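Asks: The sequence and its predicted three-dimensional model are supplied below.
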Amino acid sequence: MVFRTLACAVSLMVATPLLAETVTVDTFRGPAEAPLKPETVAVFDVAAADTLTALGVPIAGTLNALYVDYLDEVAETAADLGTFWEPDVESLHAMAPDLIVVGSRSSDQVEPLSNIAPAIDMTVSYDTIPDALARLAAYGEIFGRQEQAAALRAEFEARLARAKAAAAGKGTALVVMTNGPKISAYGRGGRFGWLHDSVGLPEAAPQIGESVHGESISFEFIQETNPDWLIVVDRLAAIGRPGESAAATLDNVLVRETKAWQAGQVVYLNAADIYIAGGGIQSMNRTLDQLTAAFEGR
């Protein structure tokens, strides 16, 4: 009888998994618990994939398109888990991830995906740099890579300081996004507001500063605003769609009259970096490097 009782106890101990250790981190939706040092990670956000890769965290499964070339290796090795809006639930179940990371375009998926595995919303809002650095720190806590996260933060802050110094005294800037023939302008309150707030680019058109989603503008608006610098994001290039390029759209008689055009101060940012992966530590570094090179005349 004693032997049978001990055997049952051992059987229960083997059959019952140990409770996974967790850590509380800041997310887009506030403090949340995540498993500590998860091994199998599914990622439904490009900025998250960017920062996790910078930390050396393996990604088991992710979106069927990551858009940015510096994540090509991740795209090639990770399992295809569908899109931002339509995750491949069957593949996700089969993977049995320890943690699911969503953000931005996939933010609404956090609740349904939580039924499969612990899921956290790591959206980077339009308060880009504070949010991005908070996500970096949180990933450091989750994966036990605090030192790597601190080093990445220090590297980013050095790049930001250099870009800010390079931009100082160089005049006003107008940040625009083209979508084929359509043009929108963005100010401090928009998705690219950190270029003004953190890099210190004075707004050529401060009246659009609080327009979160950008404001549709004309060639006449660009001519009248007459910025010293025109910072351009080509949406079609970012998402890999055919259509008129930003360079073709802006090659207009009115735009050519601006100080930016005449001085050769039109900067075409790597659009996928800032538009798709915006808030990823690598994408922000790459954007800062582009701006620094432009302002330093390289």
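Replies: Okay, I see it.
Asks: For the rest of this, base every contact and every neighbour count on C-alpha atoms.
Replies: Fine.
Asks: From one end of stretch 270-282 to the other, what's the distance?
Replies: By C-alpha to C-alpha, to the nearest Å, the extent of stretch 270-282 from end to end equals 12 Å.
Asks: Give me the contacts around that stretch.
Replies: For stretch 270-282, the surrounding residues in contact (C-alpha atoms under 8 Å, 6 or more residues apart in numbering) are 46-51, 54, 67-68, 124, 128-129, 131-133, 136, 152, 156, 192, 233-235, 237-239, 283-284, 286-287.
Asks: So for the helix or strand hosting Arg159, what gets flagged as buried?
Replies: Per DSSP states H and E, Arg159 falls inside helix 146-167. Neighbour-count burial for helix 146-167 flags 146, 148-149, 152-153, 156, 159-160, 162-167 (criterion: 16 or more other C-alpha atoms under 10 Å).
Asks: just checking, next helix/strand downstream of that helix?
Replies: Counting by DSSP H and E, the element after helix 146-167 in chain order, helix or strand, is strand 173-179.
Asks: Would you check that Ala134 makes contact with Gly30?
Replies: No: using C-alpha atoms under 8 Å, Ala134 is not in contact with Gly30; the gap is 11.4 Å.
Asks: and the nearest residue to Ile142 once chain neighbours are set aside, how many neighbours?
Replies: Spatial nearest neighbour of Ile142, chain neighbours left out: Leu36 (5.2 Å); criterion: C-alpha to C-alpha, 6 or more residues apart in numbering. A count of neighbours around Leu36, defined by other C-alpha atoms under 10 Å, yields 17.
Asks: got it, and the one 4 residues further on?
Replies: With neighbours defined by other C-alpha under 10 Å, the count for Thr40 comes to 16.
Asks: Quick one: residues contacting it.
Replies: Contacts of Thr40 (C-alpha under 8 Å, 6+ apart): 58-60, 95-99.
Asks: let's go with 7 Å and repeat that
Replies: 60, 97-99 (C-alpha atoms under 7 Å, 6 or more residues apart in numbering).
Asks: Check Leu236 too.
Replies: 179-180, 242-243.
Asks: ok, so of the contacts of Thr40, who is nearest Asn252?
Replies: Nearest to Asn252 among those: Ala60, at 46.3 Å, using C-alpha to C-alpha.
Asks: How about the contacts made by the nearest residue to the closest one once chain neighbours are set aside?
Replies: Among residues not flanking Ala60 along the chain, Ala78 sits closest, at 5.0 Å (C-alpha to C-alpha, 6+ apart). When contacts are counted by C-alpha under 7 Å, 6+ apart, Ala78 touches 59-62.
Asks: On the pLDDT front, check Gly190 for me.
Replies: According to the prediction, Gly190 has pLDDT 86.
Asks: surely it meets Ser211?
Replies: Yes: taking C-alpha atoms under 7 Å as the definition, Gly190 is a contact partner of Ser211 at 5.6 Å.
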